[in-house]
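Undergrad: Kindly return the folded structure for what I paste below:
(2 chains)
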Amino acid sequence: MLVVLASMQVLPTHATTTVEYRAIPPGSFASVLANDADIAPAAIPAFAMRTTPVSQGEYLAFVKSHREWQRGKAPSTFADGTYLHTWRGPLALGAGMSVDQPVTNVSWFAAQAFCEAEGGRLPTWLEWEYVAAADEQVFDARSNPAWRARILSWYSQNSSVPLAAVGGEGGGNANAYGVSNVHGLVWEWVDDFNALLVSADSRNQGDPDKLQFCGAGAISLKDRDNYAVLMRIALLSSLSATSTTNNLGFRCVRPLSVEKK
Amino acid sequence: MKAIFTLLSGFATPVFAAAIMCSLPLAADGAQVKQTALPANSVYQLPVSFTDQDGRASTLADWRGKPVLVTMFYSSCQFVCPRIVEALKKTEASLSPQQAKLPILMVSFDPVRDDSATLKAMAVERHIDFGNWTLARTDARSVRKLAAMLGIQYRELSSGEFNHSSVILLLDAEGRIAGKTSTLGEADPAFVKLVRKLKP
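TA: Presented below is the predicted three-dimensional model:
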């Protein structure tokens, strides 16, 4: 049986609730993203990650204390017209909504602001992918067909069904890092969503006037069979920082030093 | 204030919401709130601090008041970035004399290497006119946010290079995006037309 290295710490937040971050041990990781300069596995420094996506209740507490992020106050340059559109009002969740459901319809800027208020930031793609590679038993389950099949079956589920509670039983079982809901509940923002330069033609560097990407060209996809993760990249690359959608939420990470205080 | 919330929840049409937002600018993080509130779709809503090629401090919102051309680059970039500078120069050259001096702001992706001296050296090498051009650096978090705001993609490679999309944006006097071009090495006629239109 595998020994789980992650240690658990419960820290107070927003007065009424507690939020849990887990220490994620450092490691070496072969991302599905690769490019000419980054063939070798990436070194991932240790960090701490929220065990669950941010909930509706947590986000409500945030906009109560950060009024500039209330619906109707957040400028359109930070969040589009559907920001929190399923809420009844700027300080009221929608009818039938539970405080335990993951918050969705939040833009990248809003998610960043929430994480900064919690002393952190959004995870980078690499940090997210590193944690998302785990199943309940091992840190890197990506070669296990069952891991892939389970994720793909979530993608094919009807998205109009109300979202389950964060950390709940419906696919919320903690993975080997002690982190829940990485797959099977919502899509998640990453800090560098605008770094996923996936372009079919960008590697054709024949005509410099058509060259859009400086440096070593666009990212190529190293593990083309890993549809489960590539679908995430496809979604994230299609977003702008103000985008909000019904199935897109987020979680935060922060430096380990914060946990060790 | 309560009345406004009640109204807003009842009539959250985009136009109405925009009107409310204009009257209540985001004042977080010590963002400068000028006498007239910024439009809700102004990129100047984003608080960003710069240091320029001469070590002078400024903020993004300091560019408010005049149309401005903005782009992002890094100074150790050998191939594409010189062509961005070329495109900016040719755009500038195709404007009328009174328009030709519109401010040009180039923000570095690379806060680690691009200090003021490095920016200055690049500007000298590229024969950049300091009268209206500013080469600026900011912190890594702000680089990510500014790029997100401007719709520019970038990624740092382990080689220290940056993989990025090359875009020149035209902002109007209030910081709204009024045009963009990906044309490198020369002036984009459609983009020049947009610049001319902004300031007769």
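Undergrad: who's in contact with the most centrally placed residue in chain B?
TA: The centroid of chain B falls nearest to B:Val70 when counting by Cα atoms, centre = their mean (3.8 Å). Shown in contact with B:Val70 (Cβ atoms under 8 Å, 6 or more residues apart in numbering or on different chains): B:63, B:104-107, B:150, B:168-169, B:171. No exception for glycine: its C-beta is placed from N, CA and C like everyone else's.
Undergrad: Name the nearest of these relative to A:Arg71.
TA: Nearest to A:Arg71 out of the contacts of B:Val70 is B:Leu150 (Cβ to Cβ; 24.4 Å).
Undergrad: Any chance of the backbone angles for the residue nearest to the closest one when sequence neighbours are not counted?
TA: Nearest residue to B:Leu150, sequence neighbours excluded (Cβ to Cβ, 6 or more residues apart in numbering or on different chains): B:Leu169, at 5.7 Å. With angles defined as degrees, to the nearest 10, B:Leu169 sits at phi -110, psi 150.
Undergrad: For B:Leu169, which residues are in contact?
TA: B:69-71, B:150, B:177, B:179-180.
Undergrad: For it, give me the pLDDT.
TA: Turning to B:Leu169, the model gives it a pLDDT of 97.
Undergrad: B:Thr51 versus that one, what's the distance?
TA: Going from B:Leu169 to B:Thr51 by Cβ to Cβ, to the nearest Å gives 21 Å.
Undergrad: Residues in contact with stretch B:75-85: which ones?
TA: A:208, A:211, A:213-215, B:71, B:73-74, B:106, B:108, B:110, B:113-114, B:118-119, B:121-122, B:126, B:128, B:135, B:160-162, B:166, B:168, B:184-185.
Undergrad: State the mean pLDDT of stretch B:148-156.
TA: What stretch B:148-156 shows for mean pLDDT is 91.
Undergrad: Pull out the buried residues from it.
TA: Residues B:148-150, B:152-156 are the ones in stretch B:148-156 that count as buried (16 or more other Cβ atoms under 10 Å in any protein chain shown).
Undergrad: Where does the prediction get shaky in the chain?
TA: Going with chain A. For chain A, residues meeting the criterion pLDDT under 70 lie at A:1-18, A:34-39, A:169-172, A:197-225, A:258-261.
Undergrad: not what I meant, chain B
TA: Across chain B (using pLDDT under 70), the flagged ranges come out as B:1-35, B:199-200.
Undergrad: Okay, helices next: where are they in it?
TA: In chain B, the helices defined using DSSP state H lie at B:2-10, B:14-23, B:80-93, B:116-125, B:140-150, B:189-198.
Undergrad: Kindly report the same for the stretch 151-261 of chain A.
TA: Under the criterion DSSP state H, counting those that start in this stretch, helices of the stretch 151-261 of chain A are mapped to A:227-237, A:256-260.
Undergrad: JSON lines for those, including mean neighbour count and distance to A:Pro45?
TA: Listed next are these as JSON lines, based on neighbours: other Cβ atoms under 10 Å in any protein chain shown; distance: least, Cβ to Cβ, whole Å:
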{"stretch": "helix A:227-237", "mean neighbour count": "18", "distance to A:Pro45": "21"}
{"stretch": "helix A:256-260", "mean neighbour count": "14", "distance to A:Pro45": "9"}
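Undergrad: out of the ones you listed, nearest to chain B?
TA: helix A:227-237 (8.4 Å; Cβ to the nearest Cβ).
Undergrad: Give me the most central residue, chain A.
TA: Mean-position check on chain A, Cα atoms, centre = their mean. Result A:Glu188 at 3.1 Å.
Undergrad: how near is the closest residue to it other than its chain neighbours to A:Asp80?
TA: Closest residue in space to A:Glu188, ignoring its immediate chain neighbours: A:Phe250 at 5.2 Å, by Cβ to Cβ, 6+ apart. From A:Phe250 across to A:Asp80, the span is 16 Å (Cβ to Cβ).
Undergrad: Also B:Gln98?
TA: For B:Gln98 relative to A:Asp80 (Cβ to Cβ), the value is 37 Å.
Undergrad: which bits of the stretch 51-200 of chain A sit near chain B?
TA: Counting by Cβ under 8 Å from any Cβ of the partner chain, the stretch 51-200 of chain A comes close to chain B at A:66, A:68, A:71-78, A:81, A:88-92, A:108-109, A:112-113, A:121, A:191-197.
Undergrad: and those, which are buried?
TA: Here, 16+ other Cβ under 10 Å leaves A:66, A:68, A:71-78, A:89-90, A:108-109, A:112-113, A:121, A:191-197 buried among these.
Undergrad: Tell me which residues touch B:Met149, please.
TA: Residues near B:Met149 by Cβ under 8 Å, 6+ apart: A:77, A:241, B:43, B:46.
Undergrad: Tell me which of those residues fall in strands.
TA: Among these, none falls in strands (DSSP state E).
Undergrad: Farthest pair within these?
TA: Distance extremes for the contacts of B:Met149: the farthest pair is A:Ala241 and B:Val43 at 11.0 Å, using Cβ to Cβ.
Undergrad: Which residue would be the closest one in the stretch 1-150 of chain A to chain B?
TA: When distances are taken as Cβ to the nearest Cβ, the stretch 1-150 of chain A reaches nearest to chain B at A:Gly89, 3.6 Å away.
Undergrad: Next, count neighbours for B:Glu125.
TA: 11 (other Cβ atoms under 10 Å in any protein chain shown).
Undergrad: Please report how far it lies from B:Thr118.
TA: For B:Glu125 relative to B:Thr118 (Cβ to Cβ), the value is 11 Å.
Undergrad: just the strands in the stretch 51-200 of chain A please.
TA: Remark: strands assigned in the stretch 51-200 of chain A by DSSP state E, counting those that start in this stretch are A:187-188.
Undergrad: what's next to stretch A:115-122, contact-wise?
TA: A:13, A:19, A:48, A:62, A:65-66, A:108, A:111-112, A:189-191, A:250, A:252-255, A:258, B:141.
Undergrad: Now restrict the residues you listed to buried residues only.
TA: Burial by neighbour count, 16+ other Cβ under 10 Å: within the contacts of stretch A:115-122 this picks out A:13, A:19, A:48, A:62, A:66, A:108, A:111-112, A:189-191, A:250, A:252-254.
Undergrad: and A:Leu152, what is it in contact with?
TA: A:227-228 are the contacts of A:Leu152 under Cβ under 8 Å, 6+ apart.
Undergrad: Before I go, just wanted to say thanks for your time.
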